[in-house]
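> What shape does this take:
(chains A and B)
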Amino acid sequence: MANLQVNLCGVTLKNPVITASGTFGFGREYHELYDIGTLGGVSTKGLTLEPRLGNPTPRIAESRGVILNAVGLQNPGVEHFIECDLAWLKSTGTAVIANVAGKTLDDYKNICEKLDGLVDMVELNISCPNVKSGGMAFGIKPETVEEVTRYAKSGLKKTPLMVKLSPNVESIAANAQAAERGGADCVSLINTLTGMAIDIERRRPIIANNTGGVSGAGVKPIAVRMVYEASQAVKIPVVGMGGITCAEDAIEFLMAGATAVQVGTANFTDPLACPKIIKGLHDWCDRHGVQNVSELTGTLQLNGK
Amino acid sequence: MRDYQAKIVENKEIAKGICSITFDLGEEAVVRCGQFGDILVGGTHLLRRPIAICKVEGRLVTFCYQVKGEGTQKLQKAEAGSTLSVLMPLGNGFFVEKEEKKVALVGGGVGVFPLISVLREYKAEKQISAYIGYRNAAAVCGVEEFKKADKFVGVTDDGSYGEKMNAVQAFEADLKNGNRPDVVLACGPTPMLRALKALVEREGLTCYVSLEERMGCGIGACLVCVCNLTNGEHARVCKDGPVFNAKEVVL
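Okay, the predicted model is just below:
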């Protein structure tokens, strides 16, 4: 059997498969279906300093090959997570990646300080709207990406920082570099693309929030391209995500430059998607004589070169 | 809860726009009335369809669904002998306390099907009255099941079958006749449940309602399908529900 272990900025993952934030809660529900300790990592539901109720419903819609969601960061707050879920999640044996969001720069620093040393990694969600600088999300401009990364990093003495990049930007490479300058230990991408789906009978958007984040199989080529561009632009590791449904999809991302991958929407289609992808990675590596899955990272060769 | 690769035994239209699909799970499943399954129709549809379980007989489980969009149209075309992925049983389901002897079922639209599962589970030990509303005569279905209740009142919005009224009005009329239940179990469109909630609050009756919401994971992880509770919190329809005490939810 191939060795699927990967090293992500000093954190050893059993395999490169991480569940994407927001699709997996804190893992308890999926643990009823399979041992989530077999996963490379779990990126938690986005946490904020205070509990949040999120958006009105409907919060989800479907379009061919993709879904749209606008949950609005409903979560019980970081303290509740630390008290009630963290010990259990760690006990499963998977790597715990705490996904965090805030309204202000200080929020990001404070929440990182609370989690420092308690989790394996912190993942920064910087694409949520209604934040300090004139309502502009931190994740759009390189300057604010760098600034928020620096603030978050200042709250972390022990735990490495992953910055999750938005695809709704001018240059994914420039934003990846901005995160790197700000002190990110790795970047993850892509977060969802902003979209809309309309109920034509009611002439209204299906989602109560009007717009939602698009994810699922249909976004994969966009995500692969962006992972390639980002990984060419930075020295820190890249975690790829966007439409991964099977092991072959995950391998595309690894070849494009990712060290590990995240799987989100596929969990909804098939709650056993992640263990199937892990098994598929073993099978593919064995068939292709690949001894360490980490050998695949960045092995893409462009045509004409 | 398991993800069954379930073989379709039968898939047919039972009323206008309403279909019934029966699967062979390959083994017996323990299912509580009012629970649901999440059916993967496949193709470009990434989300499963959460559908109430109507009937369980040994290895066979029957769901009834309204053909509404592309996903349910695809489900309608699924042929007997083929296999679909069915994640079930999900949700809490209905539960009737031992001391609750007289049970009223109030249902409308596709909400009548989970109530069939209640009737099948409790008809031997409880005195059950069913008040069921349909849009019109063409939409009437499940009557052969509801007729097994101690009392069945079927009504329609246009009077083409039974009296011209809705299920809540039918229930209220019987209440005025002195037929007072120990517990009311209901499922149907939100306006119907809202009217029922107001009625049971006036009457001081215990009532449980089964809710519908667009779902993501179906197992309680993604927080997509929440409903508002009267205490200001949110609950997950898929995991904490779909059945809630009417006095605890905002409709």
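
> Excluding chain neighbours, what is closest to residue 218?
Just going to use chain A. Counting by CB to CB, 6 or more residues apart in numbering or on different chains, residue A:218 lies nearest to residue A:65, which is 3.4 Å off, once chain neighbours are set aside. Using the backbone N, CA and C atoms, a C-beta is placed for each residue, glycine as well.

> try chain B instead
Counting by CB to CB, 6+ apart, the residue nearest residue B:218 is residue B:38, at 3.9 Å.

> Any chance of the backbone angles for the one you found?
Listed backbone geometry of residue B:38 is phi -120, psi 110, with angles given as degrees, to the nearest 10.

> got a list of what the residue nearest to residue A:218 touches?
Going by CB atoms under 8 Å, 6 or more residues apart in numbering or on different chains, residue A:65 touches A:216, A:217, A:218, B:44, B:46.

> low-scoring stretches of the stretch 101-250 of chain B, by residue?
Under the criterion of pLDDT under 70, none of the stretch 101-250 of chain B is flagged as low confidence.

> Show me which parts of the lengthiest helix in chain B are buried, residue by residue.
Secondary structure of chain B per DSSP state H: the longest helix is helix B:190-203. Residues B:192, B:193, B:195, B:196, B:197, B:199, B:200 are the ones in helix B:190-203 that count as buried (16 or more other CB atoms under 10 Å in any protein chain shown).

> Relative to chain A, how far out is the third one?
When you say that, I think you mean residue B:195. 21 Å (CB to the nearest CB, to the nearest Å).

> who's in contact with the nearest residue to that residue once chain neighbours are set aside?
Once its chain neighbours are removed from consideration, residue B:195 has its nearest residue in residue B:168; the separation is 4.7 Å (CB to CB, 6+ apart). Taking CB under 8 Å, 6+ apart as the contact definition, residue B:168 lies against B:106, B:131, B:133, B:192, B:195, B:196, B:199.

> and if we set it to 7 Å?
With contacts defined as CB atoms under 7 Å, 6 or more residues apart in numbering or on different chains, the neighbours of residue B:168 are B:106, B:192, B:195, B:196, B:199.

> Ok, residue A:291 next?
With contacts taken as CB under 7 Å, 6+ apart, residue A:291 has the following neighbours: A:2, A:3.

> how close does residue A:3 get to residue A:296?
12 Å (CB to CB, to the nearest Å).

> neighbour-wise, which of the two wins?
residue A:296 (23 against 14; other CB atoms under 10 Å in any protein chain shown).

> doesn't residue A:250 make contact with the more buried one?
No: checked against CB atoms under 7 Å, the pair residue A:296 and residue A:250 is beyond contact range at 9.5 Å.

> where does residue A:181 land in three-state SS?
Secondary structure for residue A:181, judged by DSSP: H, G, I helix; E, B strand; the rest coil, is helix.

> doesn't residue A:145 make contact with it?
No: at 8.9 Å, residue A:181 and residue A:145 do not qualify as touching, with contact defined as CB under 7 Å.

> neighbour count winner among the two?
Set side by side, residue A:181 and residue A:145 give different neighbour counts by other CB under 10 Å, the larger being at residue A:145 (30 against 14).

> From chain B, how far off is the closest residue to the more buried one other than its chain neighbours?
Closest residue in space to residue A:145, ignoring its immediate chain neighbours: residue A:178 at 4.1 Å, by CB to CB, 6+ apart. With distances taken as CB to the nearest CB, residue A:178 is found 30 Å from chain B.

> In a helix, residue A:178, correct?
Yes: Residue A:178 sits within a helix when classified using three-state DSSP.

> neighbours around it, how many?
Residues near residue A:178, counting by other CB under 10 Å: 26.

> Could you measure from it over to residue B:216?
31 Å.

> what sits against residue A:214?
With contact taken as CB under 7 Å, 6+ apart, residue A:214 is in contact with A:66, A:68, A:192, A:193, A:195.

> SS state for the nearest residue to the fourth one once chain neighbours are set aside?
Okay, so that is residue A:193. Across the structure, with CB to CB, 6+ apart as the measure, the residue nearest residue A:193 apart from its sequence neighbours is residue A:214 (4.5 Å). Assigned with three-state DSSP, residue A:214 falls in the strand class.

> Report pLDDT for residue A:214.
In the prediction, the pLDDT value recorded for residue A:214 is 96.

> In the sheet, which residues pair with it? Tell me.
With beta bridges defined as DSSP bridges, residue A:214 has these partners: residue A:68, residue A:193.

> how far away is it from chain B?
Separation of residue A:214 from chain B (CB to the nearest CB) stands at 11 Å.

> now residue A:89
When distances are taken as CB to the nearest CB, residue A:89 and chain B turn out to be 13 Å apart.

> That residue belongs to a helix?
Yes: according to three-state DSSP, the state of residue A:89 is that of a helix.

> leaving aside the residues next to it on the chain, what's closest to residue 40?
Picked chain A for this. With sequence-adjacent residues excluded and distances taken as CB to CB, 6+ apart, residue A:40 is closest to residue A:13, at 3.8 Å.

> sorry, should have said chain B
Nearest non-adjacent residue to residue B:40, counting by CB to CB, 6+ apart: residue B:85, 4.2 Å away.
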